[in-house]
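[1] what follows is a predicted structure for the sequence shown.
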Amino acid sequence: MNAPQTKSAAPQAKAPKNAISPTRAENYAQWYQQVVKSSDMAEMSGVRGCMIIKGWGYGAWELMQRDLDARFKETGHDNYYFPLLIPLSYFQKEADHVEGFAKEMAVVTHHRLAMKDGKLVPEGELEEPLIIRPTSEMIIGEAMSKWIKSYRDLPLLLNQWANVMRWEMRPRILLRTAEFLWQEGHTAHETYEDAMHETKQMHKVYQDFVEEMLAVPVVPGEKTANERFPGAVNTFTIEAMMQDGRALQAGTSHYLGQNFAKSIGIQFQSREGNLEHVHTTSWGLSTRTLGALVMTHGDDDGMRMPPRVAPQQIIIAPIVRDDAGKQAVMDYCDALRDELKKLSYGGQPLRVRVDKRDIAGSDKRWEWIKKGVPLLLEIGQRDIEGGKVCVTRRDQLAQGKKFIARAEFIASAVAELESIQKGMYDAALAFQKARTVTNITTKAEFDAYFAKDADNSFAGGQGFVRAKWSGDMASLKYLDEHAVTIRCIPFDQDGVEGKCVLTGVPATQDVIFARAY
């Protein structure tokens, strides 16, 4: 007698295969490294802690520079350039400032090499060591002390685009590297009111730039005293939330008071004829914002680049089956590119490229998906004959390809790009709001929220905790055991009295607690 037949189980649906492994959920830190690599934005170099920013990453940085530079010029700033090497004696004049950078400074002590026993060795010791700039307050201050003599010379508003060196012990590509690119603004003013207006104005410039260009929502606020820039009286920050819930400081603006002016000797004759010290500010934003782009917008198939900072907004990939029709497809793609480039988005012509490389169409497609190009067009002979274009929106990858009439696509291209830009910002803002907790009022609840992960690490950032804090600086020591800091005192205070989450005493001030990069 045959055994009874059993009904076979229904086939299980296959899990979607992603281009990036591991996924964000599996290992966020490794996922980040893989996205940077697969998008071809940057890679580490042969110099410890230093990176190579490649074409796709540097192209985004160039667009960021262009936009920020225009905003700086609109607010009255001029670009300068100062030396890379700064005499050690300059730093000795400002001990509070130097203390924050002393352990990170790279020092030049010799001025030539000599061959000894078949090896090149440093020779010719310098009379005074030179510091590779970690920031330029000191050398710019020295110059200002020569340029400023009267209130008529104020305000002095300048910016520098440069590289800086800070000896990073635990480098992480695009986020923390020994050498990185940035801009640093430095200004001198007649009064506290003028300097504070400048500090807040540039803080708002950063907020608008990061949200409008990078589609990254931020929390604007002021740093607590222990988190201020070394030597600053006030530091204002914009804090962004990454997809693991950690915070990333995306830009800072500092009111430096008269501290630097007094240590360097930047004085001017006032309107009343008195000799006074200027009030100074500084503000900066660096290439770590490229890392913020990845960690805010990347997904398990690679990078997703916001259209306003995408080096190429539209890629046209010709699909060629044989040599016979190759030229016709290429000519069609070139003509489509030229027509699209007549359109403008964000005040600039559309950035469109035809990818004519002789590689498989599927490889070409996935390369651009991993790079995060906003719109990918794939065009073959059938598309030409049908008067259509095959379109993939990177932000809607799961929806697959869409076939759209050529004229219709051209007419809607700018609107599509704006839809992508806005959609990316809205999604990131929704994530930030969803991962911001406002109902934690006790230390026990705080402990439970920021508990260690299963592997006894702090890998998971969780999110932002917005809670009351009394301002008791001694209470911050408690945060160390959770690897948490106060990211900022948000500007939008509700003024309602509650209890300090760390001490239990009455408090009205809201702060943002989080783990951070």
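    Now that the structure is in, tell me what you want to look at.

[2] where does the protein have low pLDDT?
    Applying pLDDT under 70 to the chain flags the ranges 1-16, 95-98, 100, 454, 456, 459-461.

[3] how about the helices in it?
    For the chain, the helices defined by DSSP state H cover 28-38, 55-74, 88-91, 95-99, 137-147, 192-213, 259-264, 288-297, 326-340, 361-371, 381-386, 406-434, 443-449.

[4] got these as a markdown table, with mean neighbour count and distance to D480 columns?
    In short, each C-beta sits where N, CA and C put it, glycine included. Formatted as a markdown table, the helices of the chain follow (neighbours: other CB atoms under 10 Å; distance: least, CB to CB, whole Å):
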| stretch | mean neighbour count | distance to D480 |
| --- | --- | --- |
| helix 28-38 | 20 | 21 |
| helix 55-74 | 17 | 34 |
| helix 88-91 | 16 | 29 |
| helix 95-99 | 15 | 20 |
| helix 137-147 | 20 | 29 |
| helix 192-213 | 19 | 28 |
| helix 259-264 | 21 | 28 |
| helix 288-297 | 25 | 23 |
| helix 326-340 | 16 | 54 |
| helix 361-371 | 18 | 38 |
| helix 381-386 | 14 | 60 |
| helix 406-434 | 17 | 25 |
| helix 443-449 | 14 | 13 |
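
[5] tabulate these (TSV), appending distance to W469.
    Below are the helices of the chain laid out as TSV (distance: least, CB to CB, whole Å):
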stretch	distance to W469
helix 28-38	28
helix 55-74	32
helix 88-91	34
helix 95-99	25
helix 137-147	30
helix 192-213	21
helix 259-264	26
helix 288-297	26
helix 326-340	52
helix 361-371	42
helix 381-386	60
helix 406-434	20
helix 443-449	11
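
[6] E125 is nearest to which of those helices?
    When those are compared by CB to CB, helix 88-91 sits nearest E125, at 13.1 Å.

[7] could I get the buried residue list for the lengthiest strand in the chain?
    Counting by DSSP state E, the longest strand found in the chain is strand 119-132. By 16 or more other CB atoms under 10 Å, the buried positions in strand 119-132 come out as 130-132.

[8] thought D510 was touching E497?
    No: applying CB atoms under 8 Å as the test, D510 and E497 come out as separate, 11.2 Å apart.

[9] if we can go back for a sec, any chance of the buried residues of strand 119-132 in CSV, with distance to I486 too?
    Formatted as CSV, the buried residues of strand 119-132 follow (distance: CB to CB, whole Å):
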residue, distance to I486
L130, 36
I131, 31
I132, 31
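
[10] between the residues you listed, which sits nearest G57?
    The shortest gap between G57 and any of these belongs to I132, at 22.8 Å (CB to CB).

[11] pretty sure that closest one is touching P83, no?
    No: using CB under 8 Å, I132 makes no contact with P83, being 10.2 Å away.

[12] could you find the closest non-adjacent residue to E211?
    P217 (6.0 Å; CB to CB, 6 or more residues apart in numbering).

[13] and for that neighbour, the neighbour number?
    Look at P217: counted by other CB atoms under 10 Å, it has 21 neighbours.

[14] tell me who's in contact with it.
    Counting by CB atoms under 8 Å, 6 or more residues apart in numbering, P217 makes contact with 211, 240-241, 425, 428-429, 432.

[15] now swap in K223 and tell me
    229, 234-237, 252, 488-489.

[16] from W167, how far off is it?
    Per CB to CB, to the nearest Å, K223 is found 23 Å from W167.

[17] one more: H111?
    Distance, H111 to W167, by CB to CB: 21 Å.

[18] quick one: which of those two has more around it?
    W167 (17 against 12).

[19] what residues are up against the residue lying closest to that one once chain neighbours are set aside?
    Spatial nearest neighbour of W167, chain neighbours left out: E104 (4.7 Å); criterion: CB to CB, 6+ apart. By CB under 8 Å, 6+ apart, the contact set of E104 is 134, 166-168.

[20] in strands, which of those fall?
    With DSSP E as the criterion, strands contain none of the contacts of E104.

[21] can I get those residues in CSV with distance to P307?
    Shown next, in CSV, are the contacts of E104 (distance: CB to CB, whole Å):
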residue, distance to P307
P134, 35
R166, 32
W167, 37
E168, 32
